[in-house]
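K.L.:
Need coordinates for the below:
(2 chains)
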Amino acid sequence: MAETVLMRNFGRADSHTLASYRGAGGYAAWDKAQTMEPAALVDEVKKSNLRGLGGAGFPTGMKWSFIPKSHTGPVYLVVNADEGEPGTFKDRYLLERDPHALVEGMLITARAIRSALGFVYIRGEYVQPWRRFSAAVKEAHDAGLLGRGFDIVVHRGAGAYICGEETGLLSSLEGKKGWPKIKPPFPAIKGAFGQPTIVNNVETLCCVPPIIERGAAWFAGLGTKTQGGTRMYSVSGRVKQPGVYEASVSITLRQLIERAGGVSGTGRLKAVVPGGGSAAILTADEIDVVMDVDGCRGAGTMIGSAGVIVMDESVSIPEALLVLARFYAHESCGQCTPCRESTGWIEKMVHRIVEGHGRKDDLDTILDVAKRGGGTTICAFYDGAIGPYISYIEKFRGEFEALCRS
Amino acid sequence: MSNGAPPTSSRPPTERAGLAAPATIKFSPEQLAEVRRLQGLYPDARGALLPVLHMAQDTFGYLSLEAEAYVAGLFGLSPAHVHEVVTFYTLYFQQPKGRHIVGVCHNLSCHLAGAQDILRHFEARLGIARGETTDDGRVTLQAVECLCACEAAPMAQVDDRYEMQLTPEKIDRILDGLR
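P.N.:
Take a look at the predicted model:
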């Protein structure tokens, strides 16, 4: 079993308090970071092979280095705590049980990117995590950790999955509906309120203090060749012990399911979603995949937010797809025609199939519509939706056809 | 996926008891100070629009067109902009809502744990369909997308709380506690 890095404090009483965090050696990394130049901090994170843990898997240090060197105005650090990917719940644990790890990660990151102001965008439904994190910010402020060159504004969202997309999040933070923006310009060039902005996920930033404290080589060594560290896998669905499990990113999906107690229900595995609802589904004989960014990419899916949803043999794949199709139709922001129209029509078609009124050629129509729309929209939402549309139908076509009339 | 025929409620929500809108749409002086404090946190005051809309909803019960126009005035924004924002987000209510909001997750992990049965139990106990409010204004029932507590499926949000690993018995206890 890999070292516990991100969940190291979860077992401590009052782990959310400053006293407990400090008692466990918290803020030592921040002390060290203050003796380092910003460029050295960026370099250390680059060498650690930390990759974004919110979904896209982009190298974190490289993202930080995109802030224009010539820029003299404000730079903002925005934390994406708009956790919403179906099957993912790790950031909720971090906000509730180790909020000071995020505060410390933000302090170090702000120094690295020369930011004086950070925003933490927490999904509106996360009331308890919002209270916990706000209390930690107040404690850090009272202790003089914040308010001396860097401040944090805690911002509550209002219910919209699309605000987890970084430019949709920025629109929302600016007091608008959460419509994603065309890139380029990327947020590092022109982000929140028109200024260079780094948007990082909660868990990503919680990796930063251990990296600074123990070194890039140590963190890189925990993972695979192209991705350092451990990460928190959210495991749910038909497993005996659903929960959040920290493991090296070199773990395989098979090992992870075993750690979660194995398959429940019939006990026989049918399929697994490896990286949140938007990841292509894997069949029972595809679970030796390594659960890092490149391992999943090589298997034709994505690690995404590492939300693992396990389905045993009794699960209806068409019904599961209908649940996701309804979700994408509901959450499409409506800005781009291919996404707005296709998500609605595909939900209707999958619904018709599940109700027993579908035709076999409906399946080809769905695949055609899904494949045509890929890459044609402003943001990655629709590309995320077509992952399940295509993979569920292509890998379990017989199950869909059995429900069709002809 | 089979949805049982939900009971229907014919009267529009505004006519139900206990749901009357407050007479005046106006923040107290303390609240106005809080609005100014929030506006000052952002490089552009408009960044405080979502937090202030949360405040307005908590104060006025829901975001009527009058409330939208009032908030627009506090920001120097057009009522149309505020309406566009309010209608985009699921946590803002444009109609009077119940004193308690029950949002039952029906996304994938909760679906695998029997979310539809959970929803039907709520509907049967409350005598309303998802999306409706009880006649006495006590509870609004919603089916909602992933609340990211999949390890505790099936689950629901009841006001500020996450209620985990729901069973019919647990639902009955939760509903008995809502006044």
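K.L.:
Quickly list what whichever residue of the stretch 201-350 of chain A sits closest to chain B is bridged to.
P.N.:
At 3.6 Å from chain B, A:Ser236 is the closest residue in the stretch 201-350 of chain A, using CB to the nearest CB. Backbone N, C-alpha and C define where each C-beta goes, glycine included. Beta-bridge pairing for A:Ser236 (DSSP bridges): A:Ile309.
K.L.:
pLDDT wise, what is it at?
P.N.:
We have a pLDDT of 98 for A:Ser236.
K.L.:
what does the one 5 residues further on give?
P.N.:
What the model reports as pLDDT for A:Gln241 is 98.
K.L.:
Can you give me the end-to-end span of stretch A:253-271?
P.N.:
11 Å (CA to CA, to the nearest Å).
K.L.:
Pull out the buried positions in it.
P.N.:
For stretch A:253-271, the buried set under the neighbour-count rule, 16 or more other CB atoms under 10 Å in any protein chain shown, comprises A:253-257, A:259-260, A:263-265, A:269-271.
K.L.:
which regions of chain A sit below the pLDDT cut-off?
P.N.:
A:1-2, A:406 (pLDDT under 70).
K.L.:
what are the ranges of the strands in it?
P.N.:
Taking DSSP state E to define them, one finds strands in chain A at A:76-81, A:117-122, A:151-156, A:197-201, A:230-237, A:243-248, A:269-273, A:282-283, A:307-312.
K.L.:
What strands flank the fourth one, and is each parallel or antiparallel?
P.N.:
Counting by DSSP bridges, the strands paired with strand A:197-201 are strand A:76-81 (parallel).
K.L.:
Now do the strand it pairs with: everything it contacts.
P.N.:
Applying CB atoms under 8 Å, 6 or more residues apart in numbering or on different chains, the external contacts of strand A:76-81 come out as A:54, A:91, A:95, A:102, A:106, A:109-110, A:113, A:115, A:117-123, A:126, A:129, A:133, A:164, A:166, A:169-170, A:173, A:187, A:191-193, A:195-202, A:205.
K.L.:
now stretch A:331-346
P.N.:
Contacts of stretch A:331-346 (CB under 8 Å, 6+ apart): A:160-162, A:168, A:177-180, A:325, A:328-329, A:366, A:369-370, A:372-373, A:376-378, A:381-382, A:385, A:389, B:88, B:145.
K.L.:
Using a markdown table, lay out the strands of chain A together with distance to A:Glu347.
P.N.:
Below are these laid out as a markdown table (distance: least, CB to CB, whole Å):
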| stretch | distance to A:Glu347 |
| --- | --- |
| strand A:76-81 | 27 |
| strand A:117-122 | 28 |
| strand A:151-156 | 29 |
| strand A:197-201 | 28 |
| strand A:230-237 | 21 |
| strand A:243-248 | 30 |
| strand A:269-273 | 18 |
| strand A:282-283 | 23 |
| strand A:307-312 | 19 |
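K.L.:
Which among the ones you listed is found nearest to A:Gly300?
P.N.:
Between A:Gly300 and the strands of chain A, the shortest gap by CB to CB is with strand A:282-283, which sits at 8.6 Å.
K.L.:
And chain B, split by domain according to the record?
P.N.:
Chain B breaks down by automatic domain parsing into domains covering B:10-96, B:98-176.
K.L.:
for the ones you listed, which one ends up most surrounded?
P.N.:
Burial of the domains of chain B is given as mean neighbour count (mean count of other CB atoms under 10 Å in any protein chain shown); domain B:98-176 ranks first at a mean of 20.
K.L.:
tell me how far it is from the chain's mean position?
P.N.:
Relative to its parent chain, domain B:98-176 has a centroid offset of 13 Å by CA atoms, centre = their mean, to the nearest Å.
K.L.:
right, is that domain up against chain A?
P.N.:
Yes. Domain B:98-176 lies within reach of chain A by CB under 8 Å from any CB of the partner chain, at B:103, B:106-109, B:111-112, B:144-153, B:157, B:160-162.
K.L.:
can you tell me which of the residues you listed are in helices?
P.N.:
With helices taken from DSSP state H, the overlap with the residues of domain B:98-176 next to chain A comprises B:Leu108, B:Ser109, B:His111, B:Leu112.
K.L.:
quick one: the helices in the stretch 251-400 of chain A?
P.N.:
For the stretch 251-400 of chain A, helices defined by DSSP state H, counting those that start in this stretch occupy the ranges A:253-259, A:293-298, A:317-331, A:337-354, A:360-373, A:381-395, A:397-401.
K.L.:
buried residues in the longest one?
P.N.:
Yep, that's helix A:337-354 we're talking about. Within helix A:337-354, the residues scored as buried using 16+ other CB under 10 Å are A:338-340, A:342-344, A:346-347, A:349-354.
K.L.:
of all these, which comes closest to A:Phe10?
P.N.:
A:Phe10 has its nearest neighbour among the buried residues of helix A:337-354 in A:Thr343, at 36.9 Å by CB to CB.
K.L.:
And that closest one, how far from A:Pro180?
P.N.:
From A:Thr343 across to A:Pro180, the span is 15 Å (CB to CB, to the nearest Å).
K.L.:
Show me where chain B dips below the pLDDT cut-off.
P.N.:
If you take pLDDT under 70 as the line, chain B has these spans: B:1-23.
K.L.:
Now do the helices in it.
P.N.:
When secondary structure is read from DSSP H, chain B shows helices at B:29-40, B:49-60, B:65-75, B:79-86, B:108-112, B:115-126, B:168-176.
K.L.:
List every C-alpha atom in stretch B:37-51, with coordinates, as CSV.
P.N.:
Below are the C-alpha coordinates for stretch B:37-51, written out as CSV (Å, rounded to 0.1, in the frame of the first residue of the first chain):
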residue,chain,number,x,y,z
ARG,B,37,-18.6,44.4,2.2
LEU,B,38,-19.1,41.5,-0.3
GLN,B,39,-18.9,43.8,-3.3
GLY,B,40,-15.6,45.1,-1.9
LEU,B,41,-14.0,41.6,-1.9
TYR,B,42,-14.0,41.4,-5.7
PRO,B,43,-11.9,43.4,-8.2
ASP,B,44,-15.3,44.1,-9.9
ALA,B,45,-18.2,44.5,-7.5
ARG,B,46,-20.3,42.3,-9.8
GLY,B,47,-18.4,39.3,-8.5
ALA,B,48,-20.6,39.5,-5.4
LEU,B,49,-23.8,38.9,-7.4
LEU,B,50,-24.1,35.2,-6.6
PRO,B,51,-23.5,35.7,-2.8
